[in-house]
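In: Need coordinates for the following:
(one chain, ligands or ions: 2)
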Amino acid sequence: MLTLLARVHRIHPRSSTLRAFRAFSNASPLSPQPFRFTMPASKPQPESNSKVLILGAGNFGSCLAEHLGDSNHRVFLWSREADVVQHFNLHHRNAKYLPEHDFSKNITAVGPDLPDGKFLNEMDVLLFAIPTQFLRENLTILNRSLHKTSLPLLIFVNKGIEIGTDALTLEIIADTCGAEVAKAATFISGPSFAKEIVRRRPTSVSVASFTEAEANKTSDLFHQPHFRCYTGSDPIGIELAGALKNVYAIAAGMSDGLGYENNTRASIITRGLAEMTCIGTAYGASPLTFLGLAGVGDLFLTCSSSSSRNYTVGYRLGQGEPLQKIIATLGSVAEGVSTAKGVKTIIDKLGVSAPIAERVYEVLYQDKATKTAVQELMDLPPSRELELPPTAGGPAKQLMDKLGLSRG
Ligand SMILES: NC(=O)c1ccc[n+]([C@@H]2O[C@H](COP(=O)([O-])OP(=O)(O)OC[C@H]3O[C@@H](n4cnc5c(N)ncnc54)[C@H](O)[C@@H]3O)[C@@H](O)[C@H]2O)c1
Ligand SMILES: O=P(O)(O)OC[C@H](O)CO
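Out: Ligands and ions are numbered 1, 2, ... in the order given. Modelled structure (predicted):
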């Protein structure tokens with residue numbers, strides 16, 4: 001397989017890229033396939049009419065509530081905003097997010113307090129659509145009433161890295177709810193604008209979990225003729241891909257905002273993918289995950305559309321607006337802004353070269369002018385196009401140790 005890979009891609013058999021692939025297949029704690037672990041599973045799902053609690057009634061939580069309500073599940077949508085709850089139950093509309101959309105009658109809004117233990121444990125599915133920076137505080141509270149012997153199916157859709165800890169969601173779950181809960185968690189990522197899903201535009205996503213049964217249950221729950229799910233066993237990889245693409249979407253937006261054209265954006269997308277793959281590989285994720293929907297799929301989407309909030313932040317920065325004003329008026333979360341901090345720490349720690357991500361960090365947090373950032377990237381000395389770093393160890397290994405999943 002590796003010899004074939006070398007022949008097809010004209011890679012020298014002793015090249016560092018091939019060595020990295022070889023090292024990955026031998027030493028990485030994660031493998032893109034097959035599923036290797038026997039895991040704690042959630043309680044059996046009903047054939048139909050699952051009871052689903054969606055935590056977070058922003059654009060994405062509301063859109064996924066609609067998707068599941070529309071396929072005849074009984075959906076409860078938790079919002080921390082009392083006016084959103086009240087308005088939703090009266091009008092079947094979310095006044096703040098996706099305000100044009102008429103929502104399914106199968107959805108009931110709940111809140112603003114977090115649901116109590118009795119309600120929580122009656123659910124078949126808990127889906128978290130809360131921005132990454134607020135997940136820990138909510139999981140800490142919910143964990144107190146979660147029955148660990150009869151877990152609901154647990155699904156996470158946020159795309160970010162926690163400020164201060166540089167933790168991925170898997171680690172936040174392990175810290176707040178324990179390793180057994182983290183091992184049963186499932187992650188959805190990929191190119192999926194909320195406003196297109198509610199209009200039933202054909203969409204495909206990656207679904208990953210350490211547990212095959214949980215990934216399959218999530219896929220079964222979501223799969224529709226207009227919504228395809230592709231399962232995988234690299235949750236760390238799809239989490240990293242989803243978080244990283246937001247940083248590169250800011251870079252692509254900056255370039256467009258500065259008035260650069262298609263060549264520049266294509267360079268940012270392609271070099272961004274190379275950086276994401278190197279960071280992911282050094283972290284201990286599978287490089288192949290970055291070629292999937294959660295990787296290049298979502299990168300391409302968010303780097304090339306003004307529907308992306310992260311792209312919009314970059315675009316407005318490129319046009320000369322100050323960051324604080326952009327954040328104050330965006331009306332919705334752009335995870336790339338906070339994630340750029342975690343990415344900077346991770347690349348420094350891992351010693352990975354990621355010049356685009358570094359420049360995004362410097363523009364956001366060190367007052368570097370967007371034009372200077374682009375010029376500095378263009379002034380870099382010529383380099384090899386792709387050199388994957390070694391994969392042994394890395395934060396994924398530490399996370400797998402924490403979950404009790406490392407190879408003996
Ligand atoms: N919008 C999309 O198309 C899309 C697609 C895929 C993934 N995502 C991801 O989903 C996550 C949520 O994004 P979104 O688009 O729904 O964001 P949003 O800005 O539309 O909504 C954010 C939601 O978080 C809630 N919130 C804010 N502070 C909170 C707190 N302390 N505790 C609990 N809830 C709090 C808000 O009330 C709101 O309901 C993000 O990680 C995003 O990257 C979004
Ligand atoms: O609007 P963005 O930039 O947060 O992107 C939303 C989703 O992540 C697209 O898949």
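In: Write out the residues of the stretch 201-350 of the chain neighbouring ligand 2.
Out: When proximity is defined as CB under 6 Å from any ligand atom, the stretch 201-350 of the chain approaches ligand 2 at 246, 249, 298, 301-302, 308-310, 334. For the C-beta atoms, the positions are set from N, CA and C on the backbone; glycine is no exception.
In: please redo it, this time with the cut-off set to 5 Å
Out: When proximity is defined by CB under 5 Å from any ligand atom, the stretch 201-350 of the chain lies next to ligand 2 at 298, 302, 308-310.
In: Generate CSV for those, with secondary structure as supplementary columns.
Out: Formatted as CSV, these follow (DSSP: H, G, I helix; E, B strand; the rest coil):
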residue, secondary structure
298, helix
302, helix
308, coil
309, helix
310, helix
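In: Quickly name whichever of the residues you listed is closest to residue 318.
Out: residue 310 (12.8 Å; CB to CB).
In: Surely the closest one and residue 336 touch.
Out: Yes: using CB atoms under 8 Å, residue 310 makes contact with residue 336 at a distance of 4.0 Å.
In: Now for the two: what residues contact both?
Out: Listed as contacting both residue 310 and residue 336 by CB atoms under 8 Å, 6 or more residues apart in numbering are 246-247, 249-250.
In: Now go through the residues you listed and say which are in helices.
Out: 246-247, 249-250 (DSSP state H).
In: Now the buried members of those residues.
Out: Buried members of these, scored by 16 or more other CB atoms under 10 Å, are 246-247, 249-250.
In: Tell me which helix or strand in this structure has the weakest average pLDDT.
Out: Within the chain, no helix or strand scores below helix 2-8, which has a mean of 39 by mean pLDDT, DSSP states H and E.
In: Output the ones in helices among the shared contacts of residue 310 and residue 336 as a markdown table; include the columns distance to residue 234 and pLDDT.
Out: Shown next, in a markdown table, are these (distance: CB to CB, whole Å; pLDDT from 0 to 100):
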| residue | distance to residue 234 | pLDDT |
| --- | --- | --- |
| 246 | 19 | 98 |
| 247 | 20 | 98 |
| 249 | 22 | 98 |
| 250 | 25 | 98 |
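In: I'd like the residues you listed laid out as CSV, including distance to ligand 1.
Out: Listed next are those as CSV, based on distance: CB to the nearest ligand atom, whole Å:
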residue, distance to ligand 1
246, 7
247, 12
249, 11
250, 13
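In: Show me where the stretch 201-350 of the chain has its strands.
Out: Assigned by DSSP state E, counting those that start in this stretch, the strands in the stretch 201-350 of the chain fall at 203-209, 227-232.
In: helices or strands next to the longest one in the packing?
Out: When you say that, I think you mean strand 203-209. strand 186-189, helix 212-222, strand 227-232, helix 235-257 (3 or more CB pairs under 8 Å, 6 or more residues apart in numbering; DSSP states H and E).
In: So that strand, near ligand 1 or not?
Out: No: judged by CB under 5 Å from any ligand atom, strand 203-209 stays clear of ligand 1, getting no closer than 8.6 Å.
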